[in-house]
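fold the following.
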Amino acid sequence: MFTHVTRPGAIGSLQVANRLVMGAMHLNLETLDDGGAALAAFYAARARGGAGLIITGGSAVSPVAAGGPGYSHVNDPAHHPALRRTADAVHEAGGKIALQLFHAGRYALTDGSGLTPVAPSAVYSRFSRTTPRALTEADIRATVADFARGAATARALGYDAVEVMASEGYLINQFLSPLTNLRDDAWGGDAARRRRFPLAVLRAVREAAGDDFPVLFRISGADLVPGSSTQEETDALAVALAREGVHALDIGVGWHESRVPTVQSAVPPGAWASYAEAVKKALCAAGHADVPVIASNRVVGLDQAESLLRGGGIDHVSMARPLLADPDLPAKWTRGRSALVNVCLACNEACIDRSFGTERVSCLVNPRAGHELAFPEQAAADPPRSFAVIGGGPAGLEAARALAALGHRVTLFEADEELGGQFRLARQVPGKEDFGATARYFAAELARLGVDIRLGRRLGLGDAGLLRHFDGAVLATGVQPRIPDIPGWPLLHTLTYPEVFARPETLGERVVLLGGGGIATDLAHLLTGERTPATPQAFLAAYGLGDGPVTGPPTARHRLTLVRRGPRIGAGTGPSTRWVVLSALRAHGVEMVTGVRYREITTEGVVVQGADGAERLLPADSVVFATGQEPERAAVPALRAAGVPFEAVGGARDAAGVNAVRATAEGLRAAHRLGTSTV
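Numbering: from 1, shown residues only. Model (predicted):
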C-alpha cells in the first residue's frame with residue numbers, strides 16, 4: 001500500500017530509507033542535567049519506529065538566538081556531549097539525523113537572561129512582547145558566521161545533515177518579510193535585498209561544512225500575515241536557494257502572530273500541502289526539479305502521506321506530533337497494523353504549549369513521550385501479578401495499557417458500555433473528532449495485550465470479594481458534574497453538561513451556560529452547529545486563502561451566553577488553541593459574561609451580579625451547569641474492604657483542574673509504581 005512512502009530517497013549525499021521525515025520539535029529535554037540521556041532516548045525510539053530522517057528541535061547558533069532557556073546551543077562546547085550522544089543513539093537505532101540551526105530573532109523569549117532580542121529592524125513582537133534591537137552590519141556578519149560555525153560543529157558531532165530554520169517567523173523569515181525588515185541598505189529595501197541574508201547563510205554554511213554535507217532550509221510557504229511576503233517572493237527565494245546549492249527545502253507555514261490556525265485540530269489534515277507543491281512547481285519551472293521538497297504540518301497518518309507523495313507534487317512528507325504520539329507509527333502502518341497507531345489529536349496541550357515554557361514536552365495520548373528512560377516497558381513482572389483498573393476513561397486506559405505492557409494480568413472494569421470516558425463527549429465537538437480514535441486505539445491495544453475488559457460493570461461496596469483476588473488496583477473512575485447551589489434552579493429547564501452532550505436537542509432556543517472552562521467552551525462550540533471544514537480546500541476558503549467562495553459561519557442553533565465567575569473564558573485551555581476556539585464562538589455571536597456571581601435562577605433566566613453590585617438578567621429557556629466537577633469515588637469502600645493496595649488517578653484523585661494530560665500521566669505513573677514494586 002505504501003510504495004511511495006517506503007521508497008528510498010536522497011537529500012544531497014544523504015541516503016534515506018524512506019520518504020517520511022520527523023519534523024523539528026523543541027522538547028525542553030535539550031538542557032536537562034543528564035548528559036543528553038533523555039534526549040537521546042527520545043530520538044532513538046523514533047528512529048527504531050521507522051522515520052527515514054529525524055530533524056532535531058532547533059539548536060541556537062548563539063546565546064541571543066535561543067527561543068528560551070531550554071534550547072541547546074550548538075556552538076557552546078558545554079552542550080556538545082548531549083548533542084553527540086543524541087546523534088550516536090539515532091545511528092545505533094538505524095536512523096539518520098539532522099540538526100536544526102536556529103535563531104529566534106524577535107521571537108526570542110529572553111526573560112531573565114539579560115539579553116535583548118535582535119532582529120533586522122526594531123519591530124515590536126506580540127509573541128515575545130518585546131521590541132528587539134536592530135542588527136548592525138557587524139552583527140549580521142557575525143550571525144552568518146554563527147550559522148556557519150554551527151554547521152561545521154554539527155558535522156563534527158556526527159550529524160548527517162543540518163536544517164536551517166528560515167520559517168515560522170524566526171530570524172531569517174524576519175529578514176525576508178517587508179513587515180519586519182524595514183531596512184534600506186544591502187540587507188533590505190526590496191525583495192532581492194531581503195533575500196540576501198538567507199543566501200549569505202547558505203553560502204557560509206556550505207563552505208564551513210563542506211559541499212558533501214547536506215543542507216536543508218525550512219522556508220515559509222505562506223506567512224499568513226497580511227502584508228508579508230507574496231507567493232512570487234516565496235518562489236523566488238526557493239529558486240535562489242536552489243541555485244546556491246541547497247539540498248532540500250522543507251516548507252512551513254504561518255507565524256506565531258498569524259490569526260490563521262496552522263497546527264490546531266481545527267485544521268484538516270493535509271491543509272498546507274498545496275504550499276509545498278507550489279514551491280516544487282516553481283523549482284521545476286526554473287530547472288531545479290532535482291531539489292527535494294518536503295511537505296509539513298497536519299499530516300496525521302501514513303495513508304495521507306502516501307496520497308500526497310502519489311500526487312507527485314512533493315518528494316518527502318514531514319510529521320512531528322504524530323511521532324510524538326506514537327514513535328512506532330511508520331512501522332505499524334507499513335505492517336498493516338494501523339488500528340494500533342496512537343493517533344495525534346493536535347490538541348497541543350503537552351507539546352506545543354509546553355515548548356514555549358520550560359516544562360518537559362510530552363503527549364496527552366502518550367505520556368511516555370519525553371520520559372522513555374523513566375518508564376521502560378520491557379516486561380518487569382516475575383512472576384506477573386494481577387491488577388484491577390476501575391474506570392475506562394483516559395487515565396484508566398493508560399494505566400491498563402502500562403500495567404499490561406509490564407507483563408501483568410489486568411482486568412479493566414468500566415461502568416458504561418463503551419470505553420473512553422469523557423473522550424466520548426469530546427469527540428462530538430467540531431475539530432475533536434479524533435478523540436474517538438484514541439478510544440478505538442486503546443481498545444485495540446488492550447486487546448492485543450490481553451487485558452480483560454468488562455463493560456457495563458460499575459463496582460460498589462458489594463464487590464469487595466471480587467476485588468480481594470487482585471494484587472493491586474488503579475482507581476480511575478473520573479468525575480461527576482458539580483451542581484452549584486443557586487436558588488431557584490428547579491424553576492427553569494436545567495441540565496448538567498453530560499446530559500446536554502447526550503441530548504442537545506432538548507435545549508431551548510436561549511441557552512445560558514454556567515461555567516467558562518474548557519468543557520463549557522467545547523459544549524458551546526458544539527451547540528453553535530459549526531462543523532470543521534472536511535477538506536483542505538474548504539478550510540483554506542473559509543480563511544480566504546483558497547479559490548472557493550468565502551462563507552460565513554452557519555446560523556447558530558441557539559442563542560448562547562457563556563457565564564463565568566472568573567475573569568477569563570476558556571481559562572485552562574492551552575494558549576495555542578484558546579484563541580481559535582474563542583474566535584469561532586465570537587463569530588457565531590456567543591455572548592461571554594465574566595466576573596459575576598450567580599444570584600438566582602428564575603422562570604425568565606439567570607440573574608447575575610457584577611463586580612459593581614449591579615444585577616442583570618440573562619434571559620434563558622435552558623440553563624446548563626458546567627461549573628466544575630467532583631471526584632467519583634464510589635468504588636473506594638469496596639477497595640478498602642478488600643484490603644487491596646490502590647492508587648487513585650485523574651479526576652478520581654483530585655477533580656480540581658483535572659484535564660486529560662494530567663489524567664493519562666497519572667495513569668502511567670501509578671501503573672509503574674504498582675507494577676514495578678516488589679511488595
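
next, count neighbours for L461.
Close neighbours of L461, defined as other Cβ atoms under 10 Å, add up to 13. Every residue, glycine included, has its C-beta placed from N, CA and C.

tell me the centre residue of this structure?
Nearest residue to the geometric centre of the chain (Cα atoms, centre = their mean): N348, 2.9 Å.

and the longest helix for this structure?
Identified as the longest helix of the chain according to DSSP state H is helix 137-156.

that helix: what's the following helix or strand?
For helix 137-156, the following helix or strand on the C-terminal side (DSSP states H and E) is strand 161-166.

got the CA positions of that next one in CSV?
Provided in CSV are the C-alpha atoms of strand 161-166 (Å, rounded to 0.1, in the frame of the first residue of the first chain):
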residue,chain,number,x,y,z
ALA,A,161,22.9,17.0,7.8
VAL,A,162,21.7,20.4,9.1
GLU,A,163,18.5,22.2,8.6
VAL,A,164,18.5,26.0,8.7
MET,A,165,15.3,27.4,10.2
ALA,A,166,14.0,30.1,8.0
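
any idea of the mean pLDDT for the helix or strand just after that strand?
Once the chain leaves strand 161-166, the next helix or strand it forms, by DSSP H and E, is helix 171-176. Helix 171-176 shows a mean pLDDT of 98.

K432: neighbouring residues, count only.
By other Cβ under 10 Å, neighbour count at K432 equals 21.

wait, what's in contact with it?
K432 makes contact with 265, 345, 426, 522, according to Cβ atoms under 8 Å, 6 or more residues apart in numbering.

and I251, what element?
Assigned by DSSP H and E, I251 falls in strand 248-253.

same question for L513.
Secondary structure assigned from DSSP H and E places L513 in strand 510-514.

quick one: mean pLDDT over whichever helix or strand comes after that strand.
Using DSSP H and E, the helix or strand that directly follows strand 510-514 along the chain is helix 518-527. What helix 518-527 shows for mean pLDDT is 93.

distance between helix 518-527 and the chain's centre?
Distance, stretch centre to chain centre, for helix 518-527: 20 Å (Cα atoms, centre = their mean, to the nearest Å).

one step back: can you spell out which helices and strands pack onto the longest helix of the chain?
Judged by 3 or more Cβ pairs under 8 Å, 6 or more residues apart in numbering; DSSP states H and E, the packing partners of helix 137-156 are strand 97-102, strand 161-166, helix 196-209.

contact partners of the longest one?
Surrounding helix 196-209, the residues in contact under the criterion Cβ under 8 Å, 6+ apart are 101, 120, 140, 144-145, 147-152, 154-155, 162, 164, 166, 172, 175-176, 186-187, 213, 215, 217, 219, 237, 240-241, 244-246.

which ChimeraX command selects the buried ones in the residues you listed?
Selection of the buried residues among the contacts of helix 196-209 in ChimeraX, burial being defined by 16 or more other Cβ atoms under 10 Å:
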select :101,120,140,144,145,147,148,149,150,151,152,154,155,162,164,166,172,175,176,187,213,215,217,219,237,240,241,244,246
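
which stretches of the stretch 401-550 of the chain form helices?
Using DSSP state H, counting those that start in this stretch, the helices found in the stretch 401-550 of the chain span residues 423-426, 435-448, 464-467, 497-502, 518-527, 536-542.

just to revisit the earlier point, number of residues surrounding the spatially closest residue to the residue nearest to the centre of the chain that is not a sequence neighbour?
Distance criterion Cβ to Cβ, 6 or more residues apart in numbering; nearest residue to N348, sequence neighbours excluded, is S576 at 4.6 Å. If you count neighbours by other Cβ under 10 Å, S576 ends up with 21.

what's the answer for V239, then?
If you count neighbours by other Cβ under 10 Å, V239 ends up with 18.

which residues are in contact with it?
282-283, 286, 288.

can you lay out those residues as JSON lines showing pLDDT, neighbour count and secondary structure?
Shown next, in JSON lines, are those (pLDDT from 0 to 100; neighbours: other Cβ atoms under 10 Å; DSSP: H, G, I helix; E, B strand; the rest coil):
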{"residue": "A282", "pLDDT": "98", "neighbour count": "20", "secondary structure": "helix"}
{"residue": "L283", "pLDDT": "98", "neighbour count": "21", "secondary structure": "helix"}
{"residue": "A286", "pLDDT": "98", "neighbour count": "16", "secondary structure": "coil"}
{"residue": "H288", "pLDDT": "98", "neighbour count": "18", "secondary structure": "coil"}
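
quick one: which of those residues is nearest H408?
L283 (54.2 Å; Cβ to Cβ).

kindly provide the distance from that closest one to F175.
21 Å (Cβ to Cβ, to the nearest Å).

check V580 too.
28 Å.

do T573 as well
Separation of T573 from F175 (Cβ to Cβ): 34 Å.

do the same with Y71
Relative to F175, and taking Cβ to Cβ, Y71 is found at 20 Å.

give me the residue ranges of the stretch 401-550 of the chain where confidence is low.
Applying pLDDT under 70 to the stretch 401-550 of the chain flags the ranges 548-550.

cutoff 90 now
For the stretch 401-550 of the chain, applying pLDDT under 90 flags the ranges 430-431, 484-485, 489-491, 529-535, 538-539, 541-544, 546-550.

same deal with the stretch 51-200 of the chain?
Checking the stretch 51-200 of the chain against pLDDT under 90 turns up 110-114.

residues in contact with the closest residue in space to G188 that isn't next to it in sequence?
Of all residues not flanking G188 in the chain, N181 sits nearest, at 4.3 Å (Cβ to Cβ, 6+ apart). Each residue near N181 by Cβ under 8 Å, 6+ apart is listed here: 120-121, 174-175, 187-188, 194.

make sure N181 is indeed in a strand.
No - the assignment for N181, made by DSSP: H, G, I helix; E, B strand; the rest coil, is coil rather than a strand.

could you measure from it over to W187?
For N181, the distance to W187 - Cβ to Cβ - is 7 Å.

now do the shared contacts for the two.
120, 175, 194.

burial measure for the closest residue to the second one other than its chain neighbours, as a count.
In space, F175 comes closest to F197 once its chain neighbours are excluded; the distance is 4.1 Å by Cβ to Cβ, 6+ apart. Burial of F197, expressed as a neighbour count using other Cβ under 10 Å, amounts to 25.

now the one 3 residues further on
If you count neighbours by other Cβ under 10 Å, A200 ends up with 20.

helix/strand/coil for V593?
Once three-state DSSP is applied, V593 turns out strand.

which of the three states applies to the closest residue to it other than its chain neighbours?
With Cβ to Cβ, 6+ apart as the criterion, V593 has its nearest non-adjacent residue at 4.7 Å, and that residue is V563. State at V563, reduced to three classes by three-state DSSP: strand.

roughly how far apart are V563 and V658?
The gap separating V563 from V658 is 22 Å, by Cβ to Cβ.

who has more neighbours out of the two?
V563 (25 against 22).

list the contacts of that one.
512-516, 593-594, 596, 598, 606, 608, 618.

for V341, see how far away it is.
Taken as Cβ to Cβ, the span from V563 to V341 is 40 Å.

can you put the contacts of V239 in CSV and add distance to R19?
Formatted as CSV, the contacts of V239 follow (distance: Cβ to Cβ, whole Å):
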residue, distance to R19
A282, 21
L283, 17
A286, 23
H288, 19
